[in-house]
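S.K.: My questions are about this predicted structure, shown below with the sequence.
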Amino acid sequence: MTQRIPVIVIGGGIVGASCALHLNRSGYEVTVVEAGTVGHRATRLAAGAFRSQFAHPEETLLTMRSHEIRDEIQARSGVDFGFRRVGFVLLASDEAAAAELNARRGFQSDLGLDIRDLDGAELRALVPGIATDDLLATRFTPADGYARPQHVTRLLMQLAVDEGVVLREEASVVDIESDGIGQASGVALADGERLGAEIVVNASGLGAATVGRMLGTALPVGPRRQHQFFTGESAGIEPSKVPNVMERSRRLYLRGEGGGFLLSTSSADEDHRTDTDVTWPLTDSLRATLGHRWPAVADLPITDGWVGCYPITPDDRAIVGADPHMAGVFHAVGLGGHGFMHGLSTGEAVTAVVSTGSWGTIDLSPLRPDRFTSAPSGTDVA
């Protein structure tokens, strides 16, 4: 029997779980090293949306492929990720936002994405009571939806473990070791233990910049705080039928949740903060935004709120590919608020480049790590 090549995956979020599953299925001996517990950081606090509409083909393809992988895993393994296919709507109410949606329309259709233009009446049928008079463009992708990120991540990791992956929780990596001639040879843990490996995959999320410094590689990944709020129950609107709705220029995202709605917003003033303290005054500006866009829910009581920190890069695109300084090290970090929707396909792509040295179904070379060689090293997050 051919001996399996040992791999260390750093990070137990959705990206790390996906990398572990795909690498294990490709014949590698995989150990996942997670500083806390599976899905406990950015993954746990995400809204859980699947969105296919992006400014670049790579991100659109990543979501489209993640849809396929999710369905393939469910059919093969019998797990139920709880995906709700309610669709996703992007709104544009100013010329710049409308021009951006129009600019990407062509390549999205060329890729085979089912994307539809909605008029005001069609949008109001999907989102009763929404104001449409000032909208310049409305795009709907019916195959999109949402699921619960921590639930999906734990199911995925358990599936990987059941198939042979070793999971080490509460284990922090403090160094990536080499053989002295530029080839990865393993990782050192905070407790002094060393784990040997020929391949190391960095899927550490908000810890990416710290891991990069172990290698002398600039990985400018820092936090962006995103607030999520739950509302009380709605009268007259069935939340389960409401699609994901996003209006980026107003920093507004919403969808149905239980008997009410999940509302998401952010403030540029809070970028680079790493705490998860809720800024409750943001609900005032959020209500004002809703009063303009969706008056039917603007007065619903806010019953709960929390903050997640997305790992973002200077160009708001992920960092995926081989490390420029140490052979055998690969990165899958900086996915921002898109980690949940892109995690499944990113794991497949990383496995392809680890196994063959070239990309598989999606060419992610535009996301290569060395595009930030002159960039600052990002924000330290333990």
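M.R.: That came through, no problem. Residues are numbered from 1 along each chain as shown.
S.K.: list the contacts for residue 320?
M.R.: Residue 320 sits next to 331, 332, 333, 346, 349, 350, 364, 367, 368, 369 when contact means CB atoms under 8 Å, 6 or more residues apart in numbering. C-beta coordinates here come from the backbone N, C-alpha and C atoms, glycine included.
S.K.: nope, residue 73 is what I meant
M.R.: 79, 81, 156, 159, 344.
S.K.: Can you check the pLDDT for it?
M.R.: The per-residue pLDDT reported for residue 73 equals 96.
S.K.: Let me know the helix or strand that it is in.
M.R.: helix 57-77 (DSSP states H and E).
S.K.: before we move on, back to that, buried ones only from the contacts of residue 320, please, as a PyMOL command.
M.R.: Paste this into PyMOL to select the buried members of the contacts of residue 320, with burial taken from 16 or more other CB atoms under 10 Å:
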select buried, resi 331+332+333+346+349+350+364+367+369
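S.K.: of all the contacts of residue 320, which comes closest to residue 97?
M.R.: Taking CB to CB as the measure, residue 97 lies nearest residue 367 of those, at 24.2 Å.
S.K.: Any figure for the gap between the closest one and residue 324?
M.R.: 13 Å (CB to CB, to the nearest Å).
S.K.: same check, this time on residue 129
M.R.: Per CB to CB, residue 129 is found 52 Å from residue 324.
S.K.: These two: who's more crowded?
M.R.: Set side by side, residue 129 and residue 324 give different neighbour counts by other CB atoms under 10 Å, the larger being at residue 324 (17 against 13).
S.K.: Relative to residue 335, how far out is that one?
M.R.: As judged by CB to CB, residue 324 and residue 335 stand 19 Å apart.
S.K.: And residue 157, by the same measure?
M.R.: Computed with CB to CB, the distance linking residue 157 and residue 335 is 17 Å.
S.K.: and what of residue 316?
M.R.: Counting by CB to CB, the gap between residue 316 and residue 335 amounts to 10 Å.
S.K.: which one of those two has more residues nearby?
M.R.: Shown here are residue 316 and residue 335; by other CB under 10 Å, residue 335 has more neighbours (31 against 14).
S.K.: residues contacting the closest residue to the more buried one other than its chain neighbours?
M.R.: What sits nearest to residue 335 in space, not counting adjacent residues and going by CB to CB, 6 or more residues apart in numbering, is residue 318, at 4.5 Å. Residue 318 makes contact with 332, 333, 334, 335, 336, 338, 342, 346, 364, 367, according to CB under 8 Å, 6+ apart.
S.K.: Next step: these restricted to strands.
M.R.: With DSSP state E as the criterion, strands contain 332, 333 from among these.
S.K.: Among the contacts of residue 318, which pair sits farthest apart?
M.R.: When those are compared pair by pair using CB to CB, the two farthest from each other are 336 and 364, 14.9 Å apart.
S.K.: Break the chain down into its domains, please.
M.R.: Recorded structural domains for the chain (assignment: automatic domain parsing) are 6-48+150-221+315-372, 88-142+222-312.
S.K.: Any idea how far apart the tips of the longest one sit?
M.R.: Okay, so that is domain 6-48+150-221+315-372. 29 Å (CA to CA, to the nearest Å).
S.K.: and it, how far out from the chain's middle?
M.R.: The chain centre lies 14 Å from the centre of domain 6-48+150-221+315-372; the measure is CA atoms, centre = their mean, to the nearest Å.
S.K.: repeat for stretch 261-274
M.R.: 16 Å.
S.K.: For it, give me every contacting residue.
M.R.: With CB under 8 Å, 6+ apart as the test, stretch 261-274 has contacts from 47, 206, 222-231, 234, 239, 242, 251-256, 279, 282, 285-286, 289-290, 297, 300, 302, 309, 379, 381.
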